[in-house]
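# structure here, sequence nowhere to be found:
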């Protein structure tokens with residue numbers, strides 16, 4: 001056993017060899033040795049109080065270890081692997097370090113190391129587990145079978161959500177193994193649409209804290225709060241202020257379920273290590289009167305702070321995050337209201353590694369769906385006319401990325417390209433005569449046209465080939481609107497993107513029935529297959545989960561320092577390329593989620609390649625095979641053997 005203040009030679013199996021059959025006298029190891037120095041952390045209450053510093057003696061394999069600018073080795077240029085777990089082969093034993101070596105009751109209550117009934121006989125003896133578990137031993141695969149049966153017994157989606165969150169707090173690796181193995185079934189449980197209900201009822205279902213809460217009470221002490229988080233090597237932060245949760249509005253502090261859910265998908269779908277992920281809610285109050293009067297509400301019971309007070313807290317957080325976690329921590333803004341989302345992205349995109357999933361992630365996944373849809377409807381993007389219902393973060397973000405892609409394809413000026421993209425907001429079609437009263441992010445879409453008050457008239461006058469809903473208002477793609485699209489187009493493209501399901505502009509069944517089976521349809525929330533005149537249509541889901549996990553992995557594994565718009569285009573192109581003819585035959589313009597880890601690896605590789613091309617990547621040299629490199633960087637939820 002290595003003490004926290006000593007050094008010893010060990011083998012690094014992921015670098016060049018493997019070890020087995022350890023004894024008290026010696027280890028027989030193949031492959032080059034490494035030095036592991038265990039130094040006690042200055043913070044005695046840190047969960048992982050021992051810090052491993054590794055040096056490989058016989059050179060560096062470019063595809064295995066990359067030395068970061070701060071001198072810390074990182075696995076595959078991605079998330080730091082202090083304990084060698086994911087460099088190890090599956091039969092390599094690791095030590096379950098906590099403040100000390102975890103054992104007994106403490107080990108069973110540590111979600112990072114707990115394996116439940118999968119602890120072997122030797123592990124039960126070595127870690128004082130005799131009598132703390134029933135005598136039987138079962139495999140992780142058997143545990144997955146048991147848990148999916150347990151989840152399926154619940155009829156209410158929120159109960160399934162609570163069962164999954166409980167598992168995540170008890171057994172981290174089993175949670176991710178279950179989610180990966182049954183991703184199509186469980187994705188709607190841990191994320192949209194169920195996560196919306198979880199946010200609405202978060203106060204009543206709250207059992208134990210998840211993530212980090214930064215409220216106005218902590219103003220002036222944000223760095224101290226960040227240092228209270230037990231994991232120190234954070235590489236991805238998802239942060240919300242809860243003002244615009246999905247299409248549900250201001251849910252204040254109860255929006256925490258969104259960052260928690262997003263980061264679960266970063267790990268399950270993109271392979272980012274869970275210990276490198278940090279969900280954060282910035283609580284500045286809420287304007288939701290129902291919550292303010294709810295005795296179970298867990299946030300600040302005051303009206304939402306604005307102006308300088310709000311800006312100062314956000315800036316303190318951004319500064320502290322960079323100071324505490326470094327230049328290359330990816331900060332994802334999530335579910336901020338329009339008036340803050342655009343300003344924050346513009347303010348910090350030049351100084352921080354920031355990404356807004358509502359603006360940029362949604363745009364990338366929708367662009368991928370449109371590129372794939374071209375194989376069904378024909379033509380190029382430049383040949384189509386686009387009409388949006390909704391001119392907020394998602395709508396204007398998608399519109400801008402479409403315009404950028406068309407501009408790159410045709411070399412036409414961006415201002416000229418925008419003229420084929422029209423937006424409708426709550427006051428009607430956005431036109432030049434309204435320009436003076438428009439918010440700044442809507443002004444580029446104010447074209448010359450007479451005022452039009454409603455969507456149906458806009459469809460008939462603009463005659464779009466593509467109709468995209470980002471309004472957050474359910475049932476707004478009415479029968480007459482869909483029928484008008486079907487009259488204008490042989491194969492109308494209709495994307496109903498608002499979440500959760502109750503806010504969707506129309507259902508899949510409505511789109512297919514009203515268009516007589518001719519619509520090329522995708523939605524934000526999942527819908528079941530639809531049968532129309534003997535043919536079964538499988539609606540595609542334009543889910544951001546296709547994009548952000550792979551994008552994040554690509555950014556991390558390349559050490560990218562800024563999120564450039566070309567990285568979003570690269571992610572969209574990679575996703576569209578994964579759609580097969582078999583998918584098209586079923587009516588799908590997105591690939592099935594069953595292959596999402598493979599899809600994420602291809603997206604990560606394409607994003608990383610573009611980052612290297614733009615000179616934004618810092619992990620050098622560039623690996624030869626970026627897809628294999630991405631796959632090698634991915635976290636595996638399989639259990640490790642403990643020595």
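Perfect, thanks for sending it. Predicted, not measured: the structure shown is a model, and the values here were computed from it. Residues are numbered from 1 along each chain as shown.

# next one, pLDDT for the residue nearest to residue 271 when sequence neighbours are not counted please.
Nearest non-adjacent residue to residue 271, counting by C-beta to C-beta, 6 or more residues apart in numbering: residue 634, 2.6 Å away. Using the backbone N, CA and C atoms, a C-beta is placed for each residue, glycine as well. Per-residue pLDDT puts residue 634 at 97.

# which residues of the stretch 51-200 of the chain score low on pLDDT?
51-91, 98-99 (pLDDT under 70).

# which stretches in it count as strands?
65-67, 73-75, 93-94 (DSSP state E, counting those that start in this stretch).

# so where's the chain uncertain?
1-91, 98-99.

# change it to 50
1-77 (pLDDT under 50).

# circling back: what number of residues lie near the residue nearest to residue 271?
23 (other C-beta atoms under 10 Å).

# go ahead and confirm it touches residue 270.
Yes. Contact status for residue 634 versus residue 270: in contact at 7.5 Å, counting by C-beta atoms under 8 Å.

# what sits in contact with each of those two?
Common contacts of residue 634 and residue 270, defined by C-beta atoms under 8 Å, 6 or more residues apart in numbering, comprise 553, 597.

# how about the helices in the stretch 51-200 of the chain?
Counting by DSSP state H, counting those that start in this stretch, the stretch 51-200 of the chain has these helices, from start to end: 104-108, 121-126, 140-152, 157-170, 172-181, 183-190, 194-200.

# could you dump these to TSV with mean neighbour count and distance to residue 244?
Putting the helices of the stretch 51-200 of the chain into TSV (neighbours: other C-beta atoms under 10 Å; distance: least, C-beta to C-beta, whole Å) gives the following:
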stretch	mean neighbour count	distance to residue 244
helix 104-108	17	40
helix 121-126	14	47
helix 140-152	15	30
helix 157-170	18	21
helix 172-181	22	26
helix 183-190	20	21
helix 194-200	24	11
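
# now these in TSV, with distance to residue 348?
Below are the helices of the stretch 51-200 of the chain laid out as TSV (distance: least, C-beta to C-beta, whole Å):
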stretch	distance to residue 348
helix 104-108	40
helix 121-126	46
helix 140-152	39
helix 157-170	30
helix 172-181	30
helix 183-190	28
helix 194-200	25
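
# residue 514: which of these is closest?
With C-beta to C-beta as the criterion, residue 514 lies closest to helix 183-190 of those, at 24.5 Å.

# how far does that closest one sit from the chain's center?
14 Å (C-alpha atoms, centre = their mean, to the nearest Å).

# and for that helix, what's in contact with it?
Helix 183-190 has contacts (C-beta under 8 Å, 6+ apart) with 148, 151, 157, 160-161, 164, 178-179, 194, 261, 264-265, 268-269, 525-526, 543, 545, 592-594, 596.

# and the residue nearest to residue 271, what does it touch?
Residue 634 neighbours (C-beta under 8 Å, 6+ apart): 270-271, 553, 597, 601.

# which one of those is nearest to residue 108?
After measuring the contacts of residue 634 against residue 108 - C-beta to C-beta - the closest member comes out as residue 271, at 26.6 Å.

# circling back to that earlier point, how close does the residue nearest to residue 271 sit to residue 381?
32 Å (C-beta to C-beta, to the nearest Å).

# next one: residue 603
Residue 603 is 20 Å from residue 381, by C-beta to C-beta.

# same check, this time on residue 374
In terms of C-beta to C-beta, residue 374 sits 7 Å off from residue 381.

# between the two, tell me which one has more neighbours.
The neighbour count for residue 374 versus residue 381, taken as other C-beta under 10 Å, is higher for residue 381 (20 against 17).

# what about the helices in the stretch 401-550 of the chain?
So, for the stretch 401-550 of the chain - with DSSP H, counting those that start in this stretch - the helices run 414-417, 455-462, 479-488, 508-514, 548-558.

# let me have the ones you listed in JSON lines, extended by distance to residue 388 and mean neighbour count.
What follows is these, written out as JSON lines (distance: least, C-beta to C-beta, whole Å; neighbours: other C-beta atoms under 10 Å):
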{"stretch": "helix 414-417", "distance to residue 388": "15", "mean neighbour count": "14"}
{"stretch": "helix 455-462", "distance to residue 388": "10", "mean neighbour count": "19"}
{"stretch": "helix 479-488", "distance to residue 388": "13", "mean neighbour count": "18"}
{"stretch": "helix 508-514", "distance to residue 388": "16", "mean neighbour count": "23"}
{"stretch": "helix 548-558", "distance to residue 388": "21", "mean neighbour count": "31"}
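
# give me every residue that touches residue 252.
242-243, 283, 285-286, 288, 291, 297, 299-300, 304.
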